[in-house]
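[1] fold the following for me, if possible:
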Amino acid sequence: MFYAKKIHHWLWRWHIIAGLISLPFILLLSVTGAIYLFKADYEQQTYRSMTQVTPSVSYLTYQQQLDIAQKVAKENGVAIPTKMILPDSDYQATQFIAGRFSSESYTFVNPYTGEVTGQFARKDTLMQKVRKLHGELLLGKKGSWVIELVASWLVVLIMTGLYLFFPRSMAEIRTLFRVRVKQGKRTFYRDLHALCGFWLSLALLLVLAGGLPWTELFGSNFKTVRDQTGTGYPTGYHGRGLESDPTKTANQLDLDEVVTIAKDKGLAGVVTITIPTKPRGIYSISNRAEALNDQQQIHVDQYSGNVIKAFSWSDVGVLSNGRHVVMRIHQGEFFGQANWYFMLGLCVLTAVLSASALVSYCLRKPKKSLGLPKAARDKQIGVLLWGSMLLLGITLPMFGISLLAIMTLCLISKILKKTIRLVSTAS
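    Residues are numbered from 1 along each chain as shown. Now for the predicted structure:
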């Protein structure tokens, strides 16, 4: 009983520390995450004049549309488009893409008139700023480190919270289904926090698993493990190392011929064609489908039209597959509209969880004190818990680094207090 009480106080102490470190950021992540879920609807309305066109009888070839997009890019002194997204309806402008990731820019061409209906850079969009705030606090790599630190401590927060509030009797089980509203503010907010935390814990861990691969240290380690174990993408999946075979008499396929190849494959979802920029470059055809198993990568010789290499999703290793599953869930895109509502609800309830934690903490803590439970001596905690902390510190490097920093500061504080007492006694 004594040992259990010591463990409880020790975990409670670290639960509060983890909460103090991560709480403001959890609120921010909940709000920005909820906003970002509306990206598709927001951008559909905002850029409707660029993306929507009126069908006509005449129709330009895809090669003609590409030439127009590239000509406009050269005239404006911006990056030349090297990708095209196939329109999925007669009312959609053809979208051309230049650059990669955050540096992408988009050009939209009316396939009936050849008019450039609009251009914009991804970095200038409101939703990209929300995404950068969500993932980097608008601070670049330094902000990404902070978010990784918060995510790591959130794992600790969830695990310690589960231990502290896990029911150990029938009476305690009932507390998982009710909030006592007539026993004062302290009890109400404590119950609200415990109730939300318990039922959201597994969902939050799943969402964290979807976000951590984007981080600096954990993400880098994840990629290393994936590559060393051969559980990622197969060689050549994204077209690296693959080449076309040019001859003196060979002519490059035009874009329309490649579109025909893509359409013959019957690819689901959004189909993207990457256009070669060098004599030995290749055409790459890929699709982003709702079901991962429907996704393919097809690499085509730009002269002969022969398929150099083709991959289905079944060729992707278990770690990359798992990463994409949890990332899709994180973005509300894995199991249809239900996933979207699931993530929106999780964002709202996580904000409630965080707010109730803050109110509960402020109501319970003594004035002029952090209200941390008295720490048990290290030797009273046991090898299992310290081993768990060590394992978490290795798995989540930012947690390990910050834990060492906190323990070092605590040790320095103890030494200083002891020194002051000795000096006071001596004088």
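[2] extract the C-alpha trace of the worst-scoring helix or strand of the chain on mean pLDDT and format it as CSV.
    Every helix and strand of the chain was ranked by mean pLDDT, DSSP states H and E. The lowest is helix 170-174, at a mean of 76. Only the C-alpha atoms of helix 170-174 are listed here, as CSV (Å, rounded to 0.1, in the frame of the first residue of the first chain):
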residue,chain,number,x,y,z
MET,A,170,-17.0,-0.8,-9.1
ALA,A,171,-17.6,2.6,-7.4
GLU,A,172,-14.7,4.1,-9.5
ILE,A,173,-16.0,2.5,-12.7
ARG,A,174,-19.2,4.6,-12.3
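[3] show me what the next helix or strand after it is packed against.
    The C-terminal neighbour of helix 170-174 among helices and strands, as given by DSSP states H and E, is helix 185-211. Helices and strands touching helix 185-211, by 3 or more CB pairs under 8 Å, 6 or more residues apart in numbering; DSSP states H and E, are helix 141-165, helix 318-330, helix 337-364. Any C-beta I mention is one placed from the backbone N, CA and C, and that applies to glycine too.
[4] distance to residue 86, mean pLDDT and mean neighbour count added to the ones you listed, as a markdown table?
    Shown next, in a markdown table, are those (distance: least, CB to CB, whole Å; pLDDT from 0 to 100; neighbours: other CB atoms under 10 Å):
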| stretch | distance to residue 86 | mean pLDDT | mean neighbour count |
| --- | --- | --- | --- |
| helix 141-165 | 33 | 92 | 20 |
| helix 318-330 | 22 | 96 | 18 |
| helix 337-364 | 24 | 92 | 17 |
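[5] any chance of these in a markdown table, with distance to residue 265 too?
    Converted to a markdown table, the helices and strands packed on helix 185-211 look like this (distance: least, CB to CB, whole Å):
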| stretch | distance to residue 265 |
| --- | --- |
| helix 141-165 | 37 |
| helix 318-330 | 21 |
| helix 337-364 | 27 |
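[6] which one of those lies closest to residue 118?
    With CB to CB, the closest approach to residue 118 among these belongs to helix 337-364: 26.8 Å.
[7] now that closest one, how far from the chain's geometric center?
    Distance of helix 337-364 from its chain centroid, counting by CA atoms, centre = their mean, to the nearest Å, is 18 Å.
[8] right, and the helices and strands packed on helix 185-211 - which one's nearest residue 68?
    helix 318-330 (34.4 Å).
[9] who's in contact with that closest one?
    Under the contact criterion CB atoms under 8 Å, 6 or more residues apart in numbering, helix 318-330 has outside partners 206-207, 209-211, 213-214, 222, 225-226, 229, 231-233, 292, 313, 316, 334-335, 339, 343.
[10] could you do stretch 290-300 as well?
    Contacts for stretch 290-300 (CB under 8 Å, 6+ apart): 236-239, 242, 253, 258, 261-262, 265, 267-269, 282-289, 306-314, 321, 324-325, 328, 333, 336.
[11] same thing with stretch 67-75?
    Identification of contacts with stretch 67-75 by CB under 8 Å, 6+ apart yields 60, 79, 80, 81, 96, 98, 107, 109, 114, 116, 119.
[12] extract the CA atoms of it and return them as CSV.
    Output of stretch 67-75 as CSV, limited to C-alpha atoms (Å, rounded to 0.1, in the frame of the first residue of the first chain):
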residue,chain,number,x,y,z
ASP,A,67,2.7,25.0,-73.1
ILE,A,68,0.4,27.9,-72.0
ALA,A,69,1.1,27.3,-68.3
GLN,A,70,4.9,27.1,-68.9
LYS,A,71,4.9,30.2,-71.1
VAL,A,72,3.1,32.2,-68.4
ALA,A,73,5.5,31.0,-65.8
LYS,A,74,8.5,32.1,-67.8
GLU,A,75,6.9,35.5,-68.5
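[13] please parse this structure into its domains.
    1-53+129-232+317-427, 60-128, 234-315 (automatic domain parsing).
[14] now the last one: average pLDDT?
    It stands for domain 234-315. For domain 234-315, mean pLDDT is 94.
[15] just the buried positions in the helix ranked longest in the chain, please.
    Criterion DSSP state H: the longest helix present in the chain is helix 2-36. For helix 2-36, a neighbour-count test (16 or more other CB atoms under 10 Å) marks 6-7, 9-23, 25-36 as buried.
[16] between the helices and strands packed on helix 185-211, which one is nearest to residue 50?
    Using CB to CB, these put helix 337-364 closest to residue 50, at 24.2 Å.
[17] next secondary structure after the closest one?
    Downstream of helix 337-364 (by DSSP H and E), the next one is helix 383-395.
[18] could the C-alpha coordinates of that next one be exported in PDB?
    The C-alpha trace of helix 383-395 is given here as PDB (Å, rounded to 0.1, in the frame of the first residue of the first chain):
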ATOM      1  CA  VAL A 383      13.100  -0.400 -11.600                       C
ATOM      2  CA  LEU A 384      10.000  -0.900 -13.800                       C
ATOM      3  CA  LEU A 385       8.900   2.700 -13.800                       C
ATOM      4  CA  TRP A 386      12.400   4.100 -14.300                       C
ATOM      5  CA  GLY A 387      12.900   1.500 -17.100                       C
ATOM      6  CA  SER A 388       9.600   2.800 -18.700                       C
ATOM      7  CA  MET A 389      10.900   6.400 -18.500                       C
ATOM      8  CA  LEU A 390      14.200   5.300 -20.100                       C
ATOM      9  CA  LEU A 391      12.400   3.500 -22.900                       C
ATOM     10  CA  LEU A 392      10.100   6.500 -23.500                       C
ATOM     11  CA  GLY A 393      13.200   8.700 -23.500                       C
ATOM     12  CA  ILE A 394      14.800   6.600 -26.200                       C
ATOM     13  CA  THR A 395      11.700   6.300 -28.300                       C
END
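[19] all good on my end, thank you.
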